[in-house]
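**Q** Here is the input, now give the coordinates:
(chains A and B)
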Amino acid sequence: MLWLQFMSGLQSAAILFLLAAGLSIIYGVCHLLNLAHGSFFMLAMFLAYSITEKFFSNSDTGFLVAVILVPSLIAILGILVEVLIFRHLYKADVLVQILPSIGLIFIAADLVRGVWGLESRSIDTPSWFSEPVAVMGAYIPGYYLFIIGTGALVSVLVWFLVNRTPWGLLIRATAANRDAALGLGVNVRWMFTSVFGLSSWLVGLAGVLILPLAGANPGSDLDATVDAFAVVVIGGLGSIWGALAAALLIGMVKAFGILVVPQFTIAFVFILMAVVLLVRPAGLFGKLS
Amino acid sequence: MTSTSEVILPASSPVRLRHVGIVLVLAAGLALGAFGSETLLVQATDILLFVLFALSLNLVVGQSGMVSMCHAAFFATGGYVFGVLQVRYGWTGTGGAAAAAGLAIAASVLLALVIGLLIIRVSHAYFIMLTLALGQLVYIVIWKWHSMTGGDDGLIGIAGVPGLQDTRTFYVVAFGIVASCTGLLFVFARSSFGHTLTAIRDNPLRAAYIGVPVRLFRLAAFVLAAAFAALAGVGQAIFHRGMFPSSASFITSADALVAVVLGGTQWFLGPIIGAITFKILSFGLPHLTNYWLSCLGIVIIVVALSFPGGLLSLAARFDSRRK
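**A** Numbers count the residues shown, from 1 in each chain, chains lettered A, B, ... in the order given. A predicted model of the protein is given here:
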């Protein structure tokens, strides 16, 4: 029983990390808070629904196509949004930076209402993962293991990208000191665009992976945004590993909180946020600027 | 939060524009009350309440430099506390309504105090994220507390105030109240309290060094703005005889923020112009297209990219060019 809760916590931690990591990276490198992050998540869910349900009549192939295609589509969307809108606002006032993301939230919500309607949409768990798997005496849904595995794999890939590739070196240099990086000939513009691409790819993947477990609703955007905010507030804005730690913490609090008070798991997350803020206002891994 | 290179105190708004604006708005508002049709009066009352809501938000955003994304929580708390007292506890009649309104504003002030104490230490991005998250929390509570708030079905059957049932009468009274509140907020903005807030906005560190209790002032602005937002919420509850969860939603907070920036946060008149423009857009656009919310979104993005100072900054630029 507890073991099952633990695995369920790991599964939601994996989703939370994929969801929030991008938000944190964008802030860390570009110093920009994208409120529309959750809208990207919602669009990914609905796109994955359409691809699986409409084009492949809810088959396993459809899911596979969605997992590969949707994150890339969301990445392209993120790059477009950066080039067309956010690129021009890095030096602007915080208030002016926030405004276009509100505009994007409106547009995404309107698109979803117009194209997919107000109903909740979901897809079946692919048949490869429909059997529960016995792990240490408990039966764990196979799909949980798939999400946990994918989350772990992507975390390692992100770590590798940031710490072991030339691109990662330039990203870290840009995050540490934008002007110095620019002076040394780093193409800061391209750095920002690629960061938006990677972040959007991550949030797109999170949207596809969660779809068989949770339906896509017109309200999924803000739910996801609030979840992502909880992760980065607790973990520390701009820190990827803070996001990982906070995602694990929140995932576990949610999974075990359900055993204690089923209706109010969201309250636990907020209490956790309040406590962290009072003790460490910049989050567990954040630096006070 | 604001670039310190162009410190624009509210006092430096173009004088001619301001005077012409006040006279025009007062005259138009009263003329509307006398001759306006019923439909027009309903829309005008909505605009009035939204103006008060946006003005109160600008005390936090424009004057104090705190980008709050939970202002709808205070608006909705005002409306819902008033409505619940009337519908569930029978606080009707003139005395009951007045007491309910007082308690509604007090409840909102208390909520602002609790939220404020928690978040006043953090700034910039954290402030935005926390206010957004806490605003959603209030929204969820209203949504889920079905036995008290009516949840998704809304809280309907609010009796209101005897003698204010007629649309025209309500409009005239609301106009008087909103105009007085506007005057009051103007006095706040021009007082030493208002100037201290502006000083904190432009340089919190320097303000702290000269002995200003920065957090206390920020908290005071946050709470004061919540009180005026709650008053607008009470007006909404009386006018529509009901409250709906959407009044607490992110969209409501975002609408007000957009209105404030659209008009220009650095002018006292900015939120008024912005709120009226925004409401006219949101009344008019649905007649033109089914995807009116997308159009609104595009307008918002264009405003941010091309004239981030708002409509009044455009007018001021035009004005200074002519001289």
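
**Q** my guess is residue A:125 is in a helix, correct?
**A** No: per DSSP: H, G, I helix; E, B strand; the rest coil, residue A:125 lies outside any helix segment and is coil.

**Q** So which other helices or strands are in contact with the helix or strand hosting residue A:226?
**A** Element membership for residue A:226, per DSSP states H and E: helix A:220-235. With contacts defined as 3 or more Cβ pairs under 8 Å, 6 or more residues apart in numbering or on different chains; DSSP states H and E, helix A:220-235 has these neighbours: helix A:2-30, helix A:37-49, helix A:94-116, helix A:240-260, helix A:265-279, helix B:124-144. Every residue, glycine included, has its C-beta placed from N, CA and C.

**Q** out of these, nearest to residue B:284?
**A** Nearest to residue B:284 among the helices and strands packed on helix A:220-235 is helix A:94-116; the distance by Cβ to Cβ comes to 16.0 Å.

**Q** mind checking how far the closest residue to residue B:242 other than its chain neighbours is from residue B:168?
**A** Nearest residue to residue B:242 in three dimensions, chain neighbours excluded: residue B:156, at 4.2 Å (Cβ to Cβ, 6 or more residues apart in numbering or on different chains). From residue B:156 across to residue B:168, the span is 23 Å (Cβ to Cβ, to the nearest Å).

**Q** cool, residue B:245 as well?
**A** To residue B:168, residue B:245 is 29 Å away according to Cβ to Cβ.

**Q** what does residue A:234 give?
**A** Taking Cβ to Cβ, one finds residue A:234 at 52 Å from residue B:168.

**Q** Now do residue B:156, the pLDDT please.
**A** If you check residue B:156, the pLDDT there is 89.

**Q** wait, isn't it in contact with residue B:237?
**A** No: distance between residue B:156 and residue B:237: 10.5 Å, which falls outside the contact criterion (Cβ atoms under 8 Å).

**Q** Looking only at neighbour counts, state which of those two leads.
**A** Between residue B:156 and residue B:237, residue B:237 has the larger neighbour count (other Cβ atoms under 10 Å in any protein chain shown), namely 28 against 13.

**Q** in the helix holding residue A:226, what's buried?
**A** Neighbour counts over helix A:220-235 (16 or more other Cβ atoms under 10 Å in any protein chain shown) mark A:220-235 as buried.

**Q** Residue A:48 reaches residue A:126, doesn't it?
**A** No: counting by Cβ under 8 Å, residue A:48 stays clear of residue A:126, with 11.9 Å between them.

**Q** and the two? which has more neighbours close in?
**A** Each of residue A:48 and residue A:126 has its neighbours counted (other Cβ under 10 Å); residue A:48 has more, 31 against 21.

**Q** and the residue nearest the centre of chain B, how far is that from residue B:19?
**A** Residue closest to the average C-alpha location in chain B (Cα atoms, centre = their mean): residue B:53, at 1.9 Å. Per Cβ to Cβ, residue B:53 is found 25 Å from residue B:19.

**Q** cool, residue B:290 as well?
**A** Separation of residue B:290 from residue B:19 (Cβ to Cβ) stands at 41 Å.

**Q** Also residue B:135?
**A** Shown here: residue B:135 relative to residue B:19, a distance of 37 Å by Cβ to Cβ.

**Q** the more surrounded of those two?
**A** Using other Cβ under 10 Å as the criterion, residue B:135 and residue B:19 rank with residue B:135 on top: 27 against 10.

**Q** Now do the host helix or strand of residue A:147: which elements does it pack against?
**A** Following DSSP H and E, one finds residue A:147 within helix A:142-164. In this structure, helix A:142-164 makes packing contacts with helix A:2-30, strand A:132-135, helix A:166-176, helix A:188-210, helix A:240-260, judged by 3+ Cβ pairs under 8 Å, 6+ apart.

**Q** Would you reformat these as TSV and include mean pLDDT?
**A** Compiled in TSV, these are given as follows (pLDDT from 0 to 100):
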stretch	mean pLDDT
helix A:2-30	91
strand A:132-135	81
helix A:166-176	89
helix A:188-210	94
helix A:240-260	89
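
**Q** Indicate which one of the ones you listed is closest to residue B:309.
**A** Here helix A:2-30 is closest among the helices and strands packed on helix A:142-164 (Cβ to Cβ), at 22.8 Å.

**Q** So is that closest one next to chain B?
**A** Yes: under the criterion of Cβ under 8 Å from any Cβ of the partner chain, helix A:2-30 makes contact with chain B via residue A:27.

**Q** Tell me what angle that helix forms with helix A:220-235.
**A** When axes from the mean of the first three to the mean of the last three Cα atoms, to 10 degrees is applied, the directions of helix A:2-30 and helix A:220-235 differ by 90 degrees.

**Q** Check whether residue B:194 really touches residue B:63, as I assumed.
**A** Yes: with contact defined as Cβ under 8 Å, residue B:194 counts as touching residue B:63 (6.2 Å).

**Q** Verify the stated contact: the residue nearest to the centre of chain B with residue B:232.
**A** Yes: between residue B:53 and residue B:232 there is a contact under Cβ under 8 Å: 4.3 Å.

**Q** joint contacts of these two?
**A** residue B:75 (Cβ atoms under 8 Å, 6 or more residues apart in numbering or on different chains).

**Q** Let's see stretch A:116-128 as CSV, backbone CA atoms only.
**A** Taking C-alpha atoms only, stretch A:116-128 is exported to CSV below (Å, rounded to 0.1, in the frame of the first residue of the first chain):
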residue,chain,number,x,y,z
TRP,A,116,-12.1,21.1,-28.7
GLY,A,117,-15.1,22.5,-26.8
LEU,A,118,-15.6,22.5,-23.0
GLU,A,119,-15.6,18.7,-22.5
SER,A,120,-12.9,16.8,-20.7
ARG,A,121,-10.8,14.8,-23.3
SER,A,122,-8.6,11.8,-22.5
ILE,A,123,-7.0,8.8,-24.3
ASP,A,124,-6.6,5.1,-23.2
THR,A,125,-3.4,4.0,-21.6
PRO,A,126,-1.4,2.3,-24.4
SER,A,127,-1.9,-1.5,-24.2
TRP,A,128,1.9,-2.1,-23.6
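
**Q** Show me the contact partners of it.
**A** A:45-46, A:48-50, A:52-53, A:58, A:60, A:62-64, A:130, A:141-143, A:211-218.

**Q** So residue A:139, which state does it fall into?
**A** Residue A:139 - assigned by three-state DSSP - is strand.

**Q** Tell me which residues touch the nearest residue to it once chain neighbours are set aside, please.
**A** Closest residue in space to residue A:139, ignoring its immediate chain neighbours: residue A:132 at 3.9 Å, by Cβ to Cβ, 6+ apart. Applying Cβ under 8 Å, 6+ apart, we find residue A:132 in contact with A:139-142.

**Q** Mind listing the residues bridging to residue A:132?
**A** Applying DSSP bridges to residue A:132 gives these bridge partners: residue A:141.

**Q** so who does residue 252 touch?
**A** Since no chain was named, I'll use chain A. By Cβ under 8 Å, 6+ apart, the contact set of residue A:252 is A:6, A:9, A:13.

**Q** looking at chain B here, not the other one
**A** B:71-72, B:75-76, B:246.

**Q** any idea how far it lies from residue B:73?
**A** 9 Å.

**Q** Then residue A:78?
**A** 30 Å.

**Q** So the two - more neighbours on which side?
**A** The residue with more neighbours, out of residue A:78 and residue B:73, is residue B:73; 32 against 28, by other Cβ under 10 Å.
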